[in-house]
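In: Would you be able to build a 3D model of this:
(one chain, ligands or ions: 1)
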Amino acid sequence: MGASAFQLLVSLALMTLLLLLCPIFPHQAQAITRHYDFNIKMHNVRRLCHTKRIVTVNGKFPGPRILAREGDRLLVKVTNHVPNNITIHWHGIRQLRNGWADGPAYVTQCPIQTGQSYVYNFTIVGQRGTFFWHAHISWLRSTLYGPIIVLPKHNESYPFVKPYKTVPIILGEWFNADTEAIISQALLTGGGPNVSDAYTINGLPGPLYNCSAKDTFKLRVKPGKTYLLRMINAALNDELFFSIANHSLTVVDADAVYVKPFETDTILIAPGQTTNVLLRTKPKFPGAAFFMVARPYVTGLGTFDNSTVAGILEYDTSVTSKKKLPLYKPSLPPLNDTSFTVDFAKKLRSLASPQFPANVPQKVDKRFLFTVGLGTAPCDQNQTCQGPNGTKFAASVSNISFVQPTTALLQAHFTGQSRGVYSPNFPFSPLNWFNYTGNPPNNTMVSNGTKVMVLPFNSSVELVMQDTSILGAESHPLHLHGFNFFVVGQGFGNYDPNNDPKSFNLVDPVERNTVGVPSGGWVAIRFLADNPGVWFMHCHLEIHTSWGLKMAWLVLDGKLPNQKLLPPPSDLPKC
Ligand code: C2O
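Out: Residues are numbered from 1 along each chain as shown. Below is the predicted model of the structure:
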């Protein structure tokens, strides 16, 4: 036997030994790179007796599930085969120093044009739980969305009982009409947009709508087991209550961060939020089926889709009973039940355990107060608009309605060519004080601009977001890209900087990426600006985003090499 053949044998033996040892030392399993192909294409989907041609990923609605493990790298090649411009956002994934893969159109990237492709290349660092991906341009996310499931590392387990099975439940909103036509029409006339025709559970409206019984999500379960429901609200414009008849739910995480478990019959989930809940099934076959339902929580004025989506929880039985089982329906809070939402928010607390600490910033470098809410914009000359008093609806942060640039902010920043693209002077607090939640001021007009708030690397930020009642108080689910934040306080009326901080929770506040600013109230959040780049912040009610309720943070590079924004990938789309 030659020397090289011998070496080959030895190395083969060693490799076999390593493979055999792997299950004994599972923590040695390596993070891996996972490849996904997202082909954006048109596809016919039939719901509510309407066949509609929609934009999909790989012809699937809802889109494909992404599965990964904490520490993995994802390479998602998105190829655009439709006429629309496309970008995809990985909602909740922090994208450390890597805004290039974040996705909001004209903020971190130019869109992927027809016939082009772009590889979103990112690593999931220090995060595990339920996320989702969605288009981040215009209203295309109405059909372009899907779950992202990030499992804990191989050697780590959940801080709760190991579920028997895991089920993603993604809530959505179905429109019979083309959503691109709906939003362009609304922006043209200045009025409110047409509302959806149905809510959906995993893409299915369920039996409470006409012509929809066969499109019902059914969850078949075994008695006496624990199921982990990975809830996602991918609806465009509606916060949703969700409940399962005769079953309570144990909330164990919010926005992919563990919380102190608590039991509830109903959860509230805003667009952009996710939550993991445990469902313990009945010990014995109950001889019944149970509705799971969702319908909106609504505070604003104007029309909305007040319908209810239902799915069915069915118990597996070996005795196939021919007779129809009784079907139980849950009762949900009233559509405008703000007191439920306040109680629910109070129950959400970080796990704050040694393994999963709540690293709440204890000192604050930068304090901000932003107002969020609706306002008006002038109608074009010789036109009557369909917004309030013949104006156009608008929305703003601190009365600045964000104007989308024609090139991406992050590129402008990285190449040092920000002049004419954005200005770095977003105000620390509103320029004019008024009674934010009192009678509306005489002037309801918003101003316009592309302003960013600049933060030095690693500054510790406290931001109070104050709802306004200029056109009526309304709850706004605010989403921050690039960070998780801690929700240290909230209340009703105008924020009081002297007294309200006394009751802040700096010990175990919930940590998340999307928080509801209470209708007619305020919420205070804290975060550490440790992620250099340009990060979008906006209301996750899509119509409010369209009207301008959005702004961007610019976090500067730190001194060390590992505190700097990475250079852009070579295939980054051009405008
Ligand atoms: Cu889920 Cu800026 O988005």
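
In: For whichever residue of the stretch 351-500 of the chain sits closest to the ligand, list each beta-bridge partner.
Out: Per C-beta to the nearest ligand atom, His479 is where the stretch 351-500 of the chain lies closest to the ligand, at 5.1 Å. From N, CA and C alone the C-beta is placed, and that goes for glycine too. Counting by DSSP bridges, His479 forms beta bridges with Thr514, His538.

In: One more: Ile88?
Out: Ala135.

In: For the chain, which residues score under the pLDDT cut-off?
Out: Applying pLDDT under 70 to the chain flags the ranges 1-29, 318-322.

In: Quick check: can you list the domain ranges of it?
Out: 24-157, 160-350, 366-563 (automatic domain parsing).

In: Please produce a markdown table containing these, extended by distance to Pro569 and mean neighbour count.
Out: Shown next, in a markdown table, are the domains of the chain (distance: least, C-beta to C-beta, whole Å; neighbours: other C-beta atoms under 10 Å):
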| stretch | distance to Pro569 | mean neighbour count |
| --- | --- | --- |
| domain 24-157 | 6 | 19 |
| domain 160-350 | 25 | 19 |
| domain 366-563 | 12 | 20 |
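
In: Strands of the stretch 251-400 of the chain, start to end?
Out: 257-264, 266-269, 274-280, 289-297, 309-315, 327-328, 366-377, 392-397, 400-402 (DSSP state E, counting those that start in this stretch).

In: my read: Cys49 touches Cys211, true?
Out: Yes - if you go by C-beta atoms under 8 Å, Cys49 and Cys211 touch, sitting 3.8 Å apart.

In: so what's the residue of the chain found nearest the ligand closest to, chain neighbours aside?
Out: Per C-beta to the nearest ligand atom, His91 is where the chain lies closest to the ligand, at 3.8 Å. Spatially, and ignoring its direct neighbours in sequence, His91 is nearest to Phe132 (5.3 Å; C-beta to C-beta, 6 or more residues apart in numbering).

In: which ones are touching the one you found?
Out: Residues in contact with Phe132 (C-beta atoms under 8 Å, 6 or more residues apart in numbering) are 91-92, 145-148, 170, 232, 234, 274.

In: so the helix or strand hosting it versus strand 274-280, what angle?
Out: Phe132 is part of strand 129-135 when elements are defined by DSSP states H and E. Strand 129-135 and strand 274-280 are oriented at 130 degrees to each other (axes from the mean of the first three to the mean of the last three C-alpha atoms, to 10 degrees).

In: Please compute how far strand 129-135 lies from its chain's middle.
Out: 7 Å (C-alpha atoms, centre = their mean, to the nearest Å).

In: Equivalent analysis for stretch 58-68, please.
Out: Distance, centroid of stretch 58-68 to centroid of chain: 16 Å (C-alpha atoms, centre = their mean).

In: same question, stretch 486-504
Out: For stretch 486-504, the distance to the chain centre is 24 Å (C-alpha atoms, centre = their mean).

In: any idea how far Ile525 lies from Tyr258?
Out: Ile525 is 18 Å from Tyr258, where distance means C-beta to C-beta, to the nearest Å.

In: so who does Tyr145 touch?
Out: By C-beta under 8 Å, 6+ apart, the neighbours of Tyr145 are 62-63, 132-135, 170, 172, 234.

In: can you list these in a markdown table and add distance to the ligand?
Out: Converted to a markdown table, these look like this (distance: C-beta to the nearest ligand atom, whole Å):
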| residue | distance to the ligand |
| --- | --- |
| Pro62 | 15 |
| Gly63 | 14 |
| Phe132 | 8 |
| Trp133 | 9 |
| His134 | 6 |
| Ala135 | 10 |
| Ile170 | 13 |
| Gly172 | 13 |
| Ala234 | 8 |
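
In: farthest pair in these?
Out: Ala135 and Ile170 (14.3 Å; C-beta to C-beta).
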